[in-house]
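K.L.:
Okay, predicted coordinates and the sequence, questions at the end:
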Amino acid sequence: MDTVGDRLRALRNSVHFSQKAIAGLLGVTQSAINRYESNESEPVFRIILWYADYFDVSMDYLFCRTDKPQGKLYHYEPSGMREKMKDKREWEQFIEACFEPGTPMNEKLKQTILGMAGDEKA
């Protein structure tokens, strides 16, 4: 099982940087990077955040909560939303009232919202 240190080392190695090079970018010592990578000490939040931004990976990935560098992707749907959106005609009327008729984005926005409600056409 990977550790935070393993992830930090793998990211550094993926760009062929030395510990000294990463340390220079972070403004810390090479020995600090070595301690993080060998799990002798835990990096502070600023360091973890830098790795996430620099290597474009998620915090979930760095903290070994997922093996996907982009992190866990969540799909949030408010409780009961699908149930509340079953009457398509009622929702179409609501959506029509929300958007100014005749505008270029009107139809696209309506279709997107209906698609979120589970309409197969969107």
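P.N.:
Cool, the structure landed. Values in this document were obtained by computation on a predicted structure and should not be read as measured data.

K.L.:
Secondary structure element for Leu25, which one?
P.N.:
Per DSSP states H and E, Leu25 falls inside helix 19-26.

K.L.:
before we move on, what about Arg7?
P.N.:
helix 4-14.

K.L.:
residues of that helix that come out buried?
P.N.:
Val4, Gly5, Arg7, Leu8, Arg9, Leu11, Arg12 (16 or more other CB atoms under 10 Å). For the C-beta atoms, the positions are set from N, CA and C on the backbone; glycine is no exception.

K.L.:
relative orientation of it and helix 19-26 in degrees?
P.N.:
If you take axes from the mean of the first three to the mean of the last three CA atoms, to 10 degrees, helix 4-14 sits at 100 degrees to helix 19-26.

K.L.:
which residues sit against helix 4-14?
P.N.:
Residues outside helix 4-14 that contact it (CB atoms under 8 Å, 6 or more residues apart in numbering): 2, 19, 22, 33, 36-39, 42-43, 48, 51, 55, 57, 61-64.

K.L.:
What residue spans form the domains of the chain?
P.N.:
Here the domain parsing of the chain from automatic domain parsing is 4-62, 81-116.

K.L.:
Could I get these in TSV, plus columns for distance to Pro69 and mean pLDDT?
P.N.:
Formatted as TSV, the domains of the chain follow (distance: least, CB to CB, whole Å; pLDDT from 0 to 100):
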stretch	distance to Pro69	mean pLDDT
domain 4-62	4	94
domain 81-116	28	69
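
K.L.:
Point out the most buried one among the ones you listed.
P.N.:
domain 4-62 (a mean of 16; mean count of other CB atoms under 10 Å).

K.L.:
gap between the two ends of it?
P.N.:
6 Å (CA to CA, to the nearest Å).

K.L.:
Relative to Gly71, which of the domains of the chain is closest?
P.N.:
domain 4-62 (2.7 Å; CB to CB).

K.L.:
can you give me how far the helix holding Leu25 is from the chain middle?
P.N.:
Here helix 19-26 shows a centroid-to-chain-centroid distance of 26 Å under the convention CA atoms, centre = their mean, to the nearest Å.

K.L.:
now do stretch 62-69
P.N.:
Stretch 62-69 has its C-alpha centroid displaced from the chain centroid by 11 Å (CA atoms, centre = their mean).
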